[in-house]
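Novice: here is a sequence together with a model predicted from it:
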Amino acid sequence: MLDFTLTEEQLMMQKMARDFAEKEVKPIAMARDKMQDPFEAFPADVVKKSFELGFHKMTIPEQYGGLGLDCLTHCLVLEEFAAADAGFALGYDAHAIVASIALENGTEEQRETFVKSLTEGEGGWCAAAATEPNTGPSAFFTDHGTVALDTFARREGDEYVINGEKIFCTNAGSPFTKWYRIMARTDKSRTGLESTSVFFVWAGTPGLNVVKLGQDGPKAFHKRSSPSGRAQGAQELYGGRC
């Protein structure tokens with residue numbers, strides 16, 4: 001018989017998240033939803049306080065500076081965040097998903113470089129950049145037809161030149177974002193699935209521009225980003241196509 005009893009550690013993290021959400025997140029949630037400027041709506045002070053409690057590194061293994069907590073604990077924390085503000089929870093969820101891609105599919109060098117950057121010093125987030133104005137988020141899963149991402153990455157020596165436009169980029173442009181996971185095609189002669197790769201690009205890379213994107217609904221830190229130019233230091237995810 002399965003035992004669904006939470007451990008003491010899980011109960012502790014759940015309570016800590018609930019207390020934090022009630023005290024810091026919930027009181028400003030309604031005001032943030034009414035703001036039209038996503039940069040103004042971003043709760044930098046609250047996110048910084050959440051970093052001080054270690055929420056940003058819950059599921060990152062201890063060897064990379066994280067807490068090494070399990071998926072259930074992560075879900076319990078997100079549930080408490082979402083009860084106070086769905087947008088705040090989504091920012092954390094996107095961060096964890098992107099970090100997990102590097103952890104599960106990256107090289108050891110990439111984990112040491114990109115994942116550790118999220119736990120060092122005051123900590124940081126990573127951002128997702130997949131959806132595009134002309135193609136929905138499922139475009140890169142298409143293994144037939146001509147539907148695919150427009151963003152294209154061309155390799156030149158040890159660098160990639162990435163050109164394209166992304167929308168609904170969760171965590172883009174925040175003062176805590178360390179790097180972006182950008183989905184891009186590398187071969188236009190192949191289908192969307194076969195030609196799509198994941199790239200890790202440092203925030204602040206010349207040519208990576210983040211602008212406002214107006215939208216209704218919970219303020220989930222969405223922005224529009226335009227990776228255009230030579231992405232020096234960008235690394236293609238080891239393991240081939242996604």
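Specialist: Yep, that arrived. Residues are numbered from 1 along each chain as shown.

Novice: break down the chain into its strands, ranges please.
Specialist: 125-129, 152-156, 159-163, 177-185, 196-202, 208-211, 224-231, 235-236 (DSSP state E).

Novice: among those, which is nearest Ala86?
Specialist: strand 125-129 (16.4 Å; CB to CB). C-beta coordinates here come from the backbone N, C-alpha and C atoms, glycine included.

Novice: Provide the strand pairings for the closest one, with the direction of each partner.
Specialist: strand 177-185 (parallel) (DSSP bridges).

Novice: I'd like the average pLDDT over the longest helix along the chain.
Specialist: Longest helix in the chain, counting residues (DSSP state H): helix 86-105. Here helix 86-105 scores 94 as its mean pLDDT.

Novice: pick the most buried one from the strands of the chain.
Specialist: Each of the strands of the chain was scored by mean neighbour count; the highest is strand 125-129, a mean of 27, by mean count of other CB atoms under 10 Å.

Novice: could you tell me the angle between it and helix 86-105?
Specialist: 90 degrees (axes from the mean of the first three to the mean of the last three CA atoms, to 10 degrees).

Novice: CA atoms only: put strand 125-129 into CSV for me.
Specialist: Coordinates of each C-alpha in strand 125-129 appear next as CSV, following Å, rounded to 0.1, in the frame of the first residue of the first chain:
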residue,chain,number,x,y,z
TRP,A,125,16.7,32.2,-12.1
CYS,A,126,16.7,30.9,-15.6
ALA,A,127,14.2,31.9,-18.3
ALA,A,128,12.3,30.0,-21.0
ALA,A,129,12.2,31.2,-24.6
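
Novice: contacts for it next, please.
Specialist: Strand 125-129 has contacts (CB atoms under 8 Å, 6 or more residues apart in numbering) with 47, 56, 91, 94-95, 97-99, 102, 114, 118, 166, 169-172, 174, 176-183, 203, 225, 227.

Novice: let's see that with 6 Å instead.
Specialist: 94-95, 98-99, 166, 169-172, 176-177, 179-182, 225 (CB atoms under 6 Å, 6 or more residues apart in numbering).

Novice: out of the residues you listed, flag the one nearest to Tyr160.
Specialist: Among those, and counting by CB to CB, the member closest to Tyr160 is Ile182, at 9.7 Å.

Novice: pretty sure the closest one sits against Val201.
Specialist: Yes - applying CB atoms under 6 Å, one finds Ile182 in contact with Val201, separated by 5.5 Å.

Novice: Throw the strands of the chain into TSV and include mean pLDDT and distance to Glu9, thanks.
Specialist: Listed next are the strands of the chain as TSV, based on pLDDT from 0 to 100; distance: least, CB to CB, whole Å:
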stretch	mean pLDDT	distance to Glu9
strand 125-129	92	24
strand 152-156	88	41
strand 159-163	88	41
strand 177-185	92	27
strand 196-202	90	31
strand 208-211	85	37
strand 224-231	50	37
strand 235-236	58	34
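
Novice: before I go, just wanted to say thanks for your time.
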